[in-house]
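> the following block contains a protein sequence and its predicted model.
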Amino acid sequence: MRMKHRVVLVTGASRGIGAATAKLLASEGAAVAVNYFQSAEAAEKVVASIRTAGGTAVAARADVRDQAQVHAMVAEVENALGPIDTLVSNASIGFPVVPFIEYPWEAFEAKLTGELRAAFFCCRAVVPGMAARKKGCIVAISSGLSRVPGPGFCAHSAAKSGLDGFAKSLALELGPLGIRVNVVAPGLTLTDATAWQPQEAKEAAAKRTPLRRNGQPEDVAAAVLALASDDARFITGAYLPVSGGVQML
Ligand SMILES: NC(=O)c1ccc[n+]([C@@H]2O[C@H](COP(=O)([O-])OP(=O)(O)OC[C@H]3O[C@@H](n4cnc5c(N)ncnc54)[C@H](OP(=O)(O)O)[C@@H]3O)[C@@H](O)[C@H]2O)c1
């Protein structure tokens, strides 16, 4: 029960990595807020599965790119579960996979601002409470593509690099306030976000991966738990790849 007495907000937890993270942290004793945007039914299923397993969870709707919605959600969650001490900033901000030469600026800008609005607004909403209590933990979900480029992914790489820099800045500024900030960087992980990729591409990626398979949402969730728990009490500003070794190639 490494997360006992903890209150966690996981953004984008109706599906994929966020859902796996919400379930794992709840199984370790945390009370979990399952944020969603459009998939209310899926979020309720995550909440139901946590409750069935004996855990505590609530669903919380907000578009995390909208500051007013984020603040309203945080107030609602804290009313239901108590003060949030852990934020997992995970929501997936969509983007087209298009070569740079054809990339529409509007789509590039929407990805950049969406990614950073989500992280900025969620952190701004929870950090004052964490600072007042002199204890808090933030895990931002970046991507291996923040450090290694991929064709068609210029917006995603730029946005996630920005997220990495933002997280490091917060680790520096918030460390003296007792708040740790770390980044988890998944490689290719089998979720709805990667369902469009052809099976052959996934198999080829598994062959290139030192651990010889694609990532699963639970692999990323396990890394989030490691950084969120007190086992990582002296770790801040870290960038933890979860990619079966691909990041070193
Ligand atoms: N899958 C990969 O290969 C991979 C690799 C590297 C990094 N990542 C990162 O991992 C994170 C999770 O990705 P995933 O693959 O698990 O995605 P996913 O399965 O497509 O799920 C996306 C989640 O984000 C939520 N979301 C989207 N826009 C939102 C918004 N504006 N406000 C609140 N929630 C929103 C969705 O909620 P609704 O359905 O309720 O709208 C859903 O719960 C993302 O940050 C992604 O960039 C993924």
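Sure thing, it's come through.

> which parts of this structure sit against the ligand?
For the chain, the residues in contact with the ligand (CB under 6 Å from any ligand atom) are 11-18, 35-39, 63-65, 90-93, 141, 143, 186, 188-189, 191-194. For the C-beta atoms, the positions are set from N, CA and C on the backbone; glycine is no exception.

> ok, of the residues you listed, which come out buried?
For these, a burial check counting by 16 or more other CB atoms under 10 Å picks out 11-18, 35-37, 39, 63-65, 90-93, 141, 143, 186, 188-189, 191.

> so of the residues you listed, which ones are in helices?
Of the positions in those, Gly16, Ile17, Gly18 sit in helices, assigned by DSSP state H.

> for the second one, report the pLDDT, please.
For Ile17, the pLDDT comes out at 99.

> if I read this right, it contacts Thr191, doesn't it?
Yes. Counting by CB atoms under 8 Å, Ile17 touches Thr191, with 6.2 Å between them.

> list residues touching both of those two?
Here Ile17 and Thr191 share the contacting residues Pro217, scored by CB atoms under 8 Å, 6 or more residues apart in numbering.

> which residue ranges of this structure form helices?
Secondary structure of the chain (DSSP H): helices at 16-27, 40-52, 67-81, 105-133, 154-174, 199-208, 217-228.

> what about the residues of the chain next to the ligand, which are in strands?
Asn35, Tyr36, Ile141, Pro186 (DSSP state E).

> tell me the one of those nearest Ala228?
Lowest distance from Ala228 to these (CB to CB) belongs to Ile141, with 11.9 Å.

> can you give me the pLDDT of that closest one?
For Ile141, the predicted pLDDT is 99.

> next: Gly144.
For Gly144, pLDDT reads 98.

> what's the residue nearest the centre of the chain sitting at in phi/psi?
The chain has Asn90 as the residue nearest its centroid, 2.1 Å off, counting by CA atoms, centre = their mean. Main-chain torsions, Asn90, degrees, to the nearest 10: phi -120, psi -20.

> return the distance of it relative to Glu102.
29 Å (CB to CB, to the nearest Å).

> got a pLDDT number for the residue with the largest distance to the centre of the chain?
The C-alpha centroid of the chain is most remote from Ile101, which lies 29.5 Å away (CA atoms, centre = their mean). Looking at Ile101, its pLDDT reads 98.
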